[in-house]
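K.L.:
Fold the following and give me the result.
(one chain, ligands or ions: 1)
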Amino acid sequence: MKEILLANETFGMAAEQFDRTAEFLELNESVRERCKWPKRMLSFSLPVHMDDGRTEVFFGHRVQHHLSRGPVKGGIRYHPSVEIGEVAALAMWMNWKCALMKLPYGGAKGGIACNPREMSLGEQERLTRRFAQELLPFIGEDIDIPAPDVGTNAQTMAWIVDTASTQAGRFTPGVVTGKPLELQGSAGRTQATGHGVAFTATRALSRLGVKTNNASAVVQGFGNVGSYAAETLMFDGVKVKGVSDVSGAIWNDNGLDICGLRQHVMKTGSVVGFDNSEAIDPQEMMIQKVDVLAPCAMERAISKVMAEKLQCRVLAEGANGPTTPEADAIIEERGDIFLIPDVMCNAGGVTVSYFEWVQNLQRFSWTEREVISKLETLMAATFDRLVAFAEARKCGHRVAALALGIKEVADVKKTRGLYP
Ligand code: NAD
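P.N.:
Numbering: from 1, shown residues only. Next up, the predicted model:
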């Protein structure tokens with residue numbers, strides 16, 4: 001099984017980051033092994049009636065990295081590249097992220113290899129309900145609480161709640177987070193990840209002595225994370241000069257109107273062709289001279305070659321794993337880029353998911369202002385702790401963030417002991 005996981009590029013990346021950090025922490029071999037490998041890996045075949053009368057079999061996975069610190073938490077991804085190794089890598093990162101943020105969770109992730117862009121809403125609903133049905137014995141508010149990720153959204157979560165509630169014979173909103181508000185979702189959850197990306201980016205700018213009104217940014221990806229990161233940066237006074245999605249990239253040197261861009265994407269399905277913007281090569285966009293570069297799309301977007309050419313001052317990793325280990329090494333050696341690693345930068349999503357879960361358990365709801373204020377308090381404290389740790393231990397921000405998370409988990413493992 002270890003070989004199958006390590007054959008996946010993204011898992012290899014997560015494992016390499018883990019090994020490097022375990023070495024830094026001087027973790028003993030037995031704790032190291034227990035922390036590195038996932039606790040449970042589940043795979044399901046999912047037959048679905050398609051609109052043209054065919055029955056198509058999809059494959060879905062759920063990986064629960066550790067259950068030592070509480071129930072597990074992590075998104076569900078619908079994308080053609082989904083495979084068990086990638087899901088396991090994302091679950092491992094979720095594990096360190098929850099521990100870094102001191103949330104009472106382990107990490108998990110799920111996904112189905114499919115292309116939702118080519119499926120009707122009815123096909124997506126049937127696929128989701130079938131996946132939910134298979135997952136039901138393994139998820140729940142005390143075991144594993146899924147949420148949206150790439151290719152899924154609040155509607156996907158609503159179908160899971162409905163399937164779970166129908167089976168249970170009662171309304172069970174706590175089974176997932178990232179739900180619509182009318183199903184006891186949390187105010188502020190939709191924009192939470194992007195808001196957190198912008199919040200940590202502006203905190204980094206302030207450490208570098210750059211005023212947001214004089215700052216510029218580029219955002220890769222205009223889905224849930226990228227669109228709200230771009231919008232919040234714009235509201236903070238930052239000129240968002242470049243934005244891309246899977247179809248292409250656009251540029252305006254005076255700053256793009258992100259609210260208008262959102263309308264354009266809703267109408268046309270892509271950022272391409274937006275008024276008051278010119279087309280730019282998506283790779284070229286990434287290496288323009290701006291203050292903040294926020295990759296908010298997929299893994300391994302920043303290669304070694306690109307890392308050498310980057311001209312940003314802050315690299316805010318909205319996506320999970322957007323920087324390859326080779327690129328990471330270059331960025332660390334260069335020393336002129338303030339890295340906000342993914343487990344810190346995009347932790348706003350799981351943090352507000354945690355608030356949603358707490359509200360569900362208590363049958364109580366907070367206002368958006370309360371939620372965002374609690375989010376900012378937690379993110380600011382963790383950001384400052386991370387930077388202080390990196391300064392004190394003279395290490396890069398990636399190692400600092402992972403070390404804080406991994407140490408938290410390793411300590412729990414040591415204290416609980418090994419059964420039997
Ligand atoms: P999404 O499906 O809403 O959006 C993804 C966006 O990326 C789309 O605009 C898509 O067109 C774009 N994209 C895909 N391939 C691209 C490419 N090669 N170049 C440029 N753009 C490309 O997904 P999301 O929820 O915004 O997630 C994005 C990233 O953030 C993922 O890595 C995800 O794991 C991570 N993340 C998401 C959340 C969340 O709450 N949704 C939380 C934490 C981390």
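K.L.:
number of nearby residues for Thr415?
P.N.:
8 (other C-beta atoms under 10 Å). C-beta coordinates here come from the backbone N, C-alpha and C atoms, glycine included.
K.L.:
can you count the residues close to whatever residue of the chain ends up closest to the ligand?
P.N.:
Here the chain gets closest to the ligand at one residue, Gly223, 1.7 Å apart by C-beta to the nearest ligand atom. Neighbour count of Gly223, defined by other C-beta under 10 Å: 19.
K.L.:
Double-check it against Asp149; I have them as touching.
P.N.:
No: applying C-beta atoms under 8 Å, one finds Gly223 not in contact with Asp149, separated by 9.9 Å.
K.L.:
ok so, going back, residues contacting the residue of the chain closest to the ligand?
P.N.:
By C-beta atoms under 8 Å, 6 or more residues apart in numbering, the residues touching Gly223 are Val150, Asp245, Cys296, Ala297.
K.L.:
Check Arg207 too.
P.N.:
Counted by C-beta under 8 Å, 6+ apart, Arg207 has contacts Phe338, Val387.
K.L.:
Then Ala198?
P.N.:
By C-beta under 8 Å, 6+ apart, Ala198 lies in contact with Tyr228, Ala229, Thr232, Leu233, Asp236, Val238, Ala316.
K.L.:
my read: Thr10 touches Ala89, true?
P.N.:
Yes: in this structure Thr10 lies within contact range of Ala89 using C-beta under 8 Å: 4.2 Å.
K.L.:
shared neighbours, these two?
P.N.:
Contact criterion C-beta under 8 Å, 6+ apart; residues shared by Thr10 and Ala89: Glu299, Gly321.
K.L.:
Check the offset of the longest helix that the chain contains from the chain's centre.
P.N.:
Looking across the chain with DSSP state H, the single longest helix is helix 368-393. Centroid displacement of helix 368-393 relative to its chain, using C-alpha atoms, centre = their mean, to the nearest Å, is 17 Å.
K.L.:
right, and the helix or strand after it?
P.N.:
Downstream of helix 368-393, the first helix or strand assigned by DSSP states H and E is helix 397-416.
K.L.:
Which elements pack onto that next one?
P.N.:
Helix 397-416 sits against helix 9-25, helix 29-36, helix 84-100, strand 338-340, helix 342-345, helix 368-393, with contacts defined as 3 or more C-beta pairs under 8 Å, 6 or more residues apart in numbering; DSSP states H and E.
K.L.:
For those, could you give me CSV that also reports mean pLDDT?
P.N.:
Converted to CSV, those look like this (pLDDT from 0 to 100):
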stretch, mean pLDDT
helix 9-25, 97
helix 29-36, 94
helix 84-100, 98
strand 338-340, 98
helix 342-345, 98
helix 368-393, 98
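K.L.:
Serialize these to CSV and add fields for distance to Ala108 and mean neighbour count.
P.N.:
Shown next, in CSV, are the helices and strands packed on helix 397-416 (distance: least, C-beta to C-beta, whole Å; neighbours: other C-beta atoms under 10 Å):
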stretch, distance to Ala108, mean neighbour count
helix 9-25, 14, 19
helix 29-36, 15, 16
helix 84-100, 5, 28
strand 338-340, 23, 24
helix 342-345, 15, 30
helix 368-393, 20, 16
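K.L.:
OK, contacts around the residue nearest to Phe18 when sequence neighbours are not counted?
P.N.:
Leaving aside its chain neighbours, Phe18 sits nearest to Lys36 (5.5 Å; criterion: C-beta to C-beta, 6 or more residues apart in numbering). Contact analysis of Lys36 by C-beta under 8 Å, 6+ apart lists Ala15, Phe18, Asp19, Ala22, Met92.
K.L.:
Kindly confirm my reading that Phe59 forms part of a strand.
P.N.:
Yes: assignment of Phe59 by DSSP: H, G, I helix; E, B strand; the rest coil places it within a strand.
K.L.:
quick one, phi psi at the nearest residue to it once chain neighbours are set aside?
P.N.:
Using C-beta to C-beta, 6+ apart and skipping residues adjacent in sequence, the residue nearest Phe59 is Ala113, 5.5 Å away. Backbone torsions for Ala113, taken as degrees, to the nearest 10, come to phi -80, psi 100.
K.L.:
Wait, Ala113 touches Ile84, no?
P.N.:
No: judged on C-beta under 8 Å, Ala113 makes no contact with Ile84 at a distance of 9.9 Å.
K.L.:
what ranges do the strands span in the stretch 251-400 of the chain?
P.N.:
278-280, 292-295, 314-316, 338-340 (DSSP state E, counting those that start in this stretch).
K.L.:
buried ones in the third one?
P.N.:
Applying a neighbour-count criterion of 16 or more other C-beta atoms under 10 Å, the buried positions in strand 314-316 are Val314, Leu315, Ala316.
K.L.:
Who does it pair with, and is each partner parallel or antiparallel?
P.N.:
strand 292-295 (parallel), strand 338-340 (parallel) (DSSP bridges).
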